[in-house]
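In: Fold the following.
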Amino acid sequence: MDISLAHTTSSVNNRFFNYKPLRGNRVYFIGIGGNGMSALARILVSEGCIVAGSDILLSPLISSLEKIGVMVNSKQDGSMMSLETDMVIVSAAIQEGNPELKVARQLGIKVVKYSQILGSLMQEKRGIAISGTHGKTTTSAMISTILKKAELDPTYVIGGEVTDIGGNAHLGKGNLFVAEACEYNSSFLDLVPSIGVITNIEEDHLDYYGNLEEIVNAFGHFANRIAKNGLLVVNDDDRNVAVAAKRSVCKRETYSLRHTSHWYAKKIPPAIQGINKFRVYNRGKIFGDFWLKIPGSHNILNALAAIAVCTSIGVDKEVIKTSFESFKGAKRRFQIVAIKNNITIIDDYAHHPTEIDVTLKAARELYPARKIWCVYQPHQYSRTRHLLKKLSESFYLADKVALADIYESRDNDFEKTSISSLKLYEEIRKTGVDIQYYPQMEYITDMLCLNAKPGDVIITMGAGDIWKVAHELAERIGTTYSAEKKNQGAYCNTPLPGIL
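Out: Purely as a prediction, here's the structure:
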């Protein structure tokens, strides 16, 4: 039986796929290098499945999978699939025209969505699903870290690597299952959690949803999937979340930075730079003082959601405190890659206007007197087109912006001809931001190597492969370049050929 990748609103109540992978089954992932897909692959390896897959882009996640015995093909040509393959798993991003998906269909292999398997696995335990336009990964990482510290040995599938708890996935012996619940393609409607979180709701994934109303409606369906005896934890500062949460039939707890919420927090001036300290209140009474090593008010909100969830489970607040104190965050979430020659290099996943804004606010809060370079790689032509104005207004806190070409993902030919980084560059420039556009990403690294000065902060941002610039910079900063190369224009202070 083939399972359609399409979704219609009428199918919301009939999405659950009851399949429990069995030890020894041969499972093939198309697009195995993605954060969620690689995490699920790890879980299935732990379940005793024989896992293989493909991805056209090599990444550290693929290298880590290969170390545990997963065979990965860098070509999506179907050559590693055979009649012995029991099941093919695809992410929501895989389209019907994908060559490997066509091979799977031709061979009659069962094709299942990533989110359907996630929902099936979650059914075996008590599910905790974290949804929202932003903050899912950090909130999921916080909750997983706390539960592990509490010795509850949770299973978790996180959309980013968390070094302190062993990566982005773990098959635990406990009865708790923590997972990110992604709204793209309404994938989160394949989950039936006992506890749900909605961090915020904004316009995004407009290549799938028609407008914000449709997005809020989808989150409403997600809220409604939590059983009556369950719990929904919601951000009380977000009006869209309030609308979606009305659809729930379970107990609700709210959190925000306002005293009207069940859980709220007040920032405490830190005695040490870089410490995010805050006092938490529960229903008007002091719950405790907490601190994080990661900056930004948005991370205090993420922490409040984690506190509400873990307290409802019965975790002692002292365990929560010590978990936060050691929490370094997930990779690519304000990750300090290196401090070299007194130049701080940070990498962040921010690709939505709000994420860019809060990341730069956190950086400005942490480094108020330092020059901040923002190296931004737009993610998806469709997202860039739909959010062009909001994107152009997101960089006002950066001293310098280096703009890379758009990273293609799920884009059709119409989208690729409708927008460009050059158009985004023009819109950002109108706001008065000091920006340059670099059609080749390696030029950005060259420029920064020569122009960044001690005391500067460089932040690479985007959901594509812009992280490579941060890591290459960490290796190259401080290197002496020859006069010959400078004269060739490879490392000059003036714009390189083709750069505006």
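
In: Name the spans of this structure whose pLDDT lies under the cut-off.
Out: 1-22, 271, 479-500 (pLDDT under 70).

In: give me every residue that touches Ala265.
Out: 257, 278-281, 300, 303-304 (CB atoms under 8 Å, 6 or more residues apart in numbering). To be clear about C-beta, it is placed using only N, CA and C from the backbone, and glycine gets the same treatment.

In: swap in Ser392?
Out: 424, 427-428, 430-431 are the contacts of Ser392 under CB under 8 Å, 6+ apart.

In: try it again with 6 Å
Out: 427-428, 431 (CB atoms under 6 Å, 6 or more residues apart in numbering).

In: Could you give the number of residues near Gly24?
Out: By other CB atoms under 10 Å, 10 other residues sit near Gly24.

In: hang on, it is in a helix, isn't it?
Out: No: using DSSP: H, G, I helix; E, B strand; the rest coil, the secondary structure at Gly24 is coil, not a helix.

In: from the middle of its chain, how far away would the biggest helix by length in the chain be?
Out: Ranked by number of residues, the top helix in the chain under DSSP state H is helix 297-313. Relative to its chain's centre, helix 297-313 lies at 17 Å (CA atoms, centre = their mean, to the nearest Å).

In: who touches stretch 335-349?
Out: 332-334, 359, 452, 454-461, 463, 467, 470, 473-474, 477-478.

In: Inside helices: which ones of those?
Out: Using DSSP H, 359, 467, 470, 473-474 are the members of the contacts of stretch 335-349 that sit in helices.

In: Could you export these as a markdown table, including neighbour count and distance to Glu180?
Out: Putting the ones in helices among the contacts of stretch 335-349 into a markdown table (neighbours: other CB atoms under 10 Å; distance: CB to CB, whole Å) gives the following:
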| residue | neighbour count | distance to Glu180 |
| --- | --- | --- |
| Thr359 | 24 | 19 |
| Trp467 | 22 | 19 |
| Ala470 | 24 | 23 |
| Leu473 | 23 | 29 |
| Ala474 | 16 | 28 |
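
In: Name only those of the contacts of stretch 335-349 that count as buried.
Out: Using 16 or more other CB atoms under 10 Å as the burial test, the contacts of stretch 335-349 include 332-334, 359, 452, 456-461, 463, 467, 470, 473-474, 477 as buried.

In: quick one on the thing from earlier: now, which of the contacts of Ala265 sits nearest Val233?
Out: Leu304 (8.8 Å; CB to CB).

In: ok, the closest one - contacts?
Out: Leu304 touches 255, 263, 265, counting by CB under 6 Å, 6+ apart.

In: swap the cut-off to 10 Å and go again
Out: 139, 142, 233, 235-236, 253-257, 261-265, 278, 280-282, 287, 290 (CB atoms under 10 Å, 6 or more residues apart in numbering).

In: Please identify the helix or strand for the residue lying closest to Val280 once chain neighbours are set aside.
Out: Of all residues not flanking Val280 in the chain, Phe287 sits nearest, at 4.4 Å (CB to CB, 6 or more residues apart in numbering). If you go by DSSP states H and E, Phe287 is part of strand 285-292.

In: Report the buried residues of that strand.
Out: 287, 290-292.

In: Out of the residues you listed, give me the two with the largest separation.
Out: Phe287 and Leu292 (15.5 Å).

In: if we take the buried residues of strand 285-292, which one ends up nearest to Leu206?
Out: For the buried residues of strand 285-292, the nearest to Leu206 is Leu292 (32.3 Å; CB to CB).

In: right, and Arg332 touches Gly462 too?
Out: Yes: using CB atoms under 10 Å, Arg332 is in contact with Gly462, at 9.5 Å.

In: List the buried residues for stretch 161-168?
Out: By neighbour count on 16+ other CB under 10 Å, the buried set for stretch 161-168 is 161-162, 164-165, 167-168.

In: Need the residues you listed in TSV (columns: secondary structure and distance to Phe219).
Out: Compiled in TSV, the buried residues of stretch 161-168 are given as follows (DSSP: H, G, I helix; E, B strand; the rest coil; distance: CB to CB, whole Å):
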residue	secondary structure	distance to Phe219
Glu161	strand	27
Val162	strand	25
Asp164	helix	30
Ile165	helix	27
Gly167	strand	28
Asn168	strand	24
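
In: Count the neighbours of Ala41 for me.
Out: 28.

In: for it, what are its contacts?
Out: Counting by CB under 10 Å, 6+ apart, Ala41 has contacts 27, 29, 32-34, 49, 51-53, 61-62, 65, 68, 70, 72, 89, 114, 169.

In: Which parts of the stretch 201-350 of the chain are helices?
Out: Secondary structure of the stretch 201-350 of the chain (DSSP state H, counting those that start in this stretch): helices at 212-224, 239-245, 297-313, 317-326.

In: closest one to Phe177 among those helices?
Out: So among those, helix 297-313 is nearest, using CB to CB, at 12.3 Å.

In: picking that back up, inside strands: which ones of the contacts of Leu304?
Out: 233, 235, 253-256, 263-265, 278, 280-282, 287, 290 (DSSP state E).

In: top of these by neighbour count?
Out: Tyr255 (29 neighbours).

In: Bridged to Arg252, which residues?
Out: Leu232 (DSSP bridges).

In: What is the neighbour count of it?
Out: Arg252: 18 neighbours (other CB under 10 Å).

In: Next: the one 10 residues further on.
Out: Neighbours of His262 under the rule other CB under 10 Å: 18.

In: go on, Gly314?
Out: 8.

In: Was I right to think Asn276 contacts Asp289?
Out: No: here Asn276 lies out of contact with Asp289, judged by CB under 10 Å, at a distance of 11.8 Å.

In: what do those two both touch?
Out: In contact with both Asn276 and Asp289: Ile268, using CB under 10 Å, 6+ apart.

In: Contacts only, for the residue nearest to Val280.
Out: Phe287 neighbours (CB under 10 Å, 6+ apart): 263-265, 279-281, 304, 307, 311, 317, 320.
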